[in-house]
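Chemist: fold the following, please.
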Amino acid sequence: MIPLESTAPDFELPGTDGDSMTSYRLSDTLEHGGAVLVFYPFDFHPTCTEDLCTLRDFGWVDIRSDVTVFGISPDSVFSHREYYQLHDFEFALLSDSDRRIASQYDVSLQPTEGHSRIPRRTVFAIDETRQVRYRWQATGPDSESNIEAVVRAFDR
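Modeler: Purely as a prediction, here's the structure:
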């Protein structure tokens, strides 16, 4: 996992907001404020769904309108669109299908049970200068990130 206070790697990934499919570039997003990157292994997985629904229910737009949230997994944009529409997420889901961005952020699990380079559930708060202000990584299926700590990371 990349260290706190380090410069977050820039990226451009395809994604969806539930309706349209487009490309999202981190550096473009940071021109308007910070970003929260939520890496997760799979769409429709119960633990991942619980994590993303918790973020949805938190109400980022009302609390921090200058912060953009992105969910990032290796699933396709088409899978993301179905997943987004099923759960009415309020943030874009991005497709890291070649797992390149998960590797750059050093969040990939070791190969297991026929799966390789699956991203571990990880959250980064990135400020407008691309500095990592908060990071968290799941240590097991019951691990939960601290959303309030993510918000506080942008209050510096």
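
Chemist: where's I72, which helix or strand?
Modeler: strand 67-73 (DSSP states H and E).

Chemist: export that strand to CSV, keeping only CA atoms.
Modeler: The C-alpha coordinates for strand 67-73 follow below in CSV (Å, rounded to 0.1, in the frame of the first residue of the first chain):
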residue,chain,number,x,y,z
VAL,A,67,-14.6,15.5,-2.6
THR,A,68,-15.3,12.9,-5.3
VAL,A,69,-15.7,9.2,-4.4
PHE,A,70,-14.7,6.5,-6.8
GLY,A,71,-15.2,2.7,-6.4
ILE,A,72,-12.5,0.8,-8.2
SER,A,73,-12.6,-2.9,-9.0
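
Chemist: ok, W60 touching V67?
Modeler: Yes. Taking contacts as C-beta atoms under 8 Å, W60 lies within contact range of V67: 6.2 Å. Using the backbone N, CA and C atoms, a C-beta is placed for each residue, glycine as well.

Chemist: so between these two, which is more surrounded?
Modeler: Between W60 and V67, V67 has the larger neighbour count (other C-beta atoms under 10 Å), namely 23 against 20.

Chemist: in the chain, where is pLDDT below threshold?
Modeler: By pLDDT under 70, the low-scoring segments of the chain are 61, 111-116.

Chemist: what about the residue most central in space within it, which SS state?
Modeler: Central residue of the chain (C-alpha atoms, centre = their mean): V38, 2.1 Å from the mean position. The three-state label given to V38 by DSSP: H, G, I helix; E, B strand; the rest coil is strand.

Chemist: bridged to it, which residues?
Modeler: Beta-bridge partners for V38, by DSSP bridges, are G71, V123.

Chemist: with Y134 instead?
Modeler: Assessed by DSSP bridges, Y134 has beta-bridge partners A125.

Chemist: how many residues are close by the nearest residue to R81 once chain neighbours are set aside?
Modeler: Nearest-residue entry for R81: T16, 4.6 Å, with adjacent residues in sequence omitted and distances by C-beta to C-beta, 6 or more residues apart in numbering. Other residues lying near T16 total 24 when counted by other C-beta under 10 Å.
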